[in-house]
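Asks: sequence plus predicted model, see below.
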Amino acid sequence: MTKPSLYLSSYIDKHRSRYYQSLSTVRTTNDLGQWVRFFLVAVRDTAREGRDTFEQILNLRQKAEQKATSLGRKAGNARRLLKLLYKQPSIGAKDVVEHLDVTHATAMKLIRDFEEFGILKETTGRQRNRRYLFAEYVNLFIHD
């Protein structure tokens, strides 16, 4: 894992007033225990959110793998494209050509298949140099 799995800053930002109130209480009453409780709740809630996101990623991966496998002789390239999408969820045909070492026509066929499956969504609205997003995956990381 190359990214942090417990991103406490997000929790603290979301609960900023309680965080500052806890720090102020420590400063004025020397009650460190209530700040520790706040911090432990932050760790617990952040860990739960991380676990839930990870489970959603596994479910999404399973569904996407099943779709990729249904492509018959294109399944190998489709699985390689999925692997790329988990590293780079926004791609263009050029990215597929370079990373999968396939022709532009093959890349576009795979992209169209992934669009039909609902895995990729075109994001530019252009006719040339289109970009595609693995939106369902990206949305797993966007929290209110």
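Replies: That came in fine, so what should we check first?
Asks: ok now the longest helix anywhere in the chain, how far from the chain's centre?
Replies: Assignment by DSSP state H gives helix 32-69 as the longest helix of the chain. Offset of helix 32-69 from its chain centre (Cα atoms, centre = their mean, to the nearest Å): 12 Å.
Asks: check stretch 11-27 too.
Replies: Centroid displacement of stretch 11-27 relative to its chain, using Cα atoms, centre = their mean, is 28 Å.
Asks: related to what we said a few turns ago, buried ones in the longest helix of the chain?
Replies: 35, 38, 42, 46, 60, 64, 67, 68 (16 or more other Cβ atoms under 10 Å). C-betas here are computed from N, CA, C, even on glycine.
Asks: of these, closest to residue 17?
Replies: residue 38 (11.5 Å; Cβ to Cβ).
Asks: I'd say that closest one and residue 22 touch.
Replies: Yes. Between residue 38 and residue 22 there is a contact at 4.5 Å, judged by Cβ atoms under 8 Å.
Asks: for this structure, what spans make up the helices?
Replies: Applying DSSP H to the chain gives helices spanning 8-14, 16-29, 32-69, 75-87, 93-100, 104-117, 135-139.
Asks: so for residue 129, which of those sits nearest?
Replies: It is, among the helices of the chain and with distance given as Cβ to Cβ, helix 93-100, at 8.2 Å.
Asks: quick one: work out the angle between the closest one and helix 75-87.
Replies: With axes from the mean of the first three to the mean of the last three Cα atoms, to 10 degrees defining the directions, helix 93-100 sits at 110 degrees from helix 75-87.
Asks: how close does residue 64 get to residue 86?
Replies: 9 Å (Cβ to Cβ, to the nearest Å).
Asks: can I get the helices of the chain in TSV including mean pLDDT?
Replies: Formatted as TSV, these follow (pLDDT from 0 to 100):
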stretch	mean pLDDT
helix 8-14	89
helix 16-29	90
helix 32-69	92
helix 75-87	95
helix 93-100	96
helix 104-117	96
helix 135-139	94
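Asks: same list, the ones you listed, but as TSV with distance to residue 127 please.
Replies: As requested, the helices of the chain are exported to TSV (distance: least, Cβ to Cβ, whole Å):
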stretch	distance to residue 127
helix 8-14	39
helix 16-29	45
helix 32-69	26
helix 75-87	22
helix 93-100	12
helix 104-117	13
helix 135-139	21
